[in-house]
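1. sharing a model prediction with you, sequence too.
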Amino acid sequence: MKIIVDNLCRSFGNIRALAGVSFEIPDGAVCGFVGTNGAGKTTALRIMAGLDTPDCGSVFFDQLSATDYPEQIPAIAGFMPDTLVNAHNIRVREYLDFFARAFQLCGREKEAAFRRVSEYTMLDELLDRPLSALSKGMKQQVSLARVLIHDPPVLLLDEPAAGLDPRARGTLRESLSRLAQTGKTILISSHILSELEEMISSVIILERGKITWQGAPGSIPPSSQPRALLTFRCSAESVLETLGKYPFVTGIRQTGPRQIELTFSGGEADFAEHMAEIFRSGPPILAMSRPDLSLEGMFLEKTTGEVQ
């Protein structure tokens, strides 16, 4: 199912959470939705899920308008918020049974839905446990099971890996990777860019309510300023000040215990001359490479870090 978002705007008092956001996600695509806290990602997802009303703009799932008919959206778009509603003394089976019945799944249909959802989650292990006794990772598995219970063609996932330990993130990543192969249209908001990069076919970068980049990961054109990744004999911390004194060094970022990424003024024509100067008069260098622009690099390239 295709998603079309056109000129979406939403303000809260003097804060413009969304300022003319437009994008399209093709049927069956998996798209990453990234941005700093307060960029507007959750607001956009809530509007798409029919849970909030925009000040202007529209959202369409194929021909169905989410802004005109929000009551019809839950049937086709499963929205997974970043936290599970805390329901004390309710077991997982009872919690999911409520949502199954809300979508008119009863008897054999409901049991078939539970079996189907178990293919992508830890549901079999959790059905008889109370929600209040679950870890954060387990709760995210239950939250994912809830949005899958009626097999919607679209998934809207808001920070599904937030607060999870590495093992729980790995389990969730495996679940989402399998879901990505089922033909569902998936929009995933996440701060864990290295893991997000493994499963998405496109990315939308949002800052201060506006899109700063959208396209395939790695397709972003590199900055006009060349970069180099340098590995030193000594610790990176000990050479930061020295490297910062070169007038042609415009950016310094430590990427490892002995590794630093430098950004240079000028273009590629000046790069060799700048590197020659550092090799000649700077700290001893073990290795030098030209870094690829990862999703994290894309994010840093296309955002300023400003918040509203």
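-> Ah, there it is. Everything numeric in this text was worked out from a predicted model, so none of it was measured.

2. what ranges does the protein have for its strands?
-> Using DSSP state E, the strands of the chain run over 3-12, 15-25, 30-35, 56-61, 64-65, 77-80, 154-158, 185-189, 202-207, 210-215, 227-232, 249-256, 259-264, 285-289.

3. list the buried residues for stretch 93-106?
-> Buried residues in stretch 93-106, counted by 16 or more other Cβ atoms under 10 Å: Y95, L96, D97, F99, A100, F103, L105. For the C-beta atoms, the positions are set from N, CA and C on the backbone; glycine is no exception.

4. coming back round to it: wait, which of the strands of the chain is closest to V117?
-> V117 lies closest to strand 77-80 among the strands of the chain, at 11.0 Å (Cβ to Cβ).

5. pairing partners for that closest one, with directions?
-> Here strand 77-80 has these sheet partners by DSSP bridges: strand 154-158 (parallel).

6. any weak-confidence spans in the stretch 151-300 of the chain?
-> For the stretch 151-300 of the chain, the stretches with pLDDT under 70 are 218-225, 291-300.

7. helices of the stretch 1-150 of the chain, residue ranges please.
-> Here the stretch 1-150 of the chain has its helices, by DSSP state H, counting those that start in this stretch, at 41-48, 92-102, 107-118, 123-126, 136-148.

8. I'd like the buried residues of stretch 93-106 written out as a markdown table, with distance to L240 and pLDDT added.
-> Shown next, in a markdown table, are the buried residues of stretch 93-106 (distance: Cβ to Cβ, whole Å; pLDDT from 0 to 100):
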| residue | distance to L240 | pLDDT |
| --- | --- | --- |
| Y95 | 51 | 92 |
| L96 | 52 | 92 |
| D97 | 57 | 93 |
| F99 | 53 | 93 |
| A100 | 57 | 94 |
| F103 | 56 | 93 |
| L105 | 59 | 93 |
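
9. make JSON lines out of the residues you listed and add distance to N7.
-> Shown next, in JSON lines, are the buried residues of stretch 93-106 (distance: Cβ to Cβ, whole Å):
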{"residue": "Y95", "distance to N7": "37"}
{"residue": "L96", "distance to N7": "37"}
{"residue": "D97", "distance to N7": "40"}
{"residue": "F99", "distance to N7": "33"}
{"residue": "A100", "distance to N7": "36"}
{"residue": "F103", "distance to N7": "31"}
{"residue": "L105", "distance to N7": "36"}
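
10. for P74, state which of those residues is nearest.
-> Taking Cβ to Cβ as the measure, F103 is the one of those closest to P74, at 8.0 Å.
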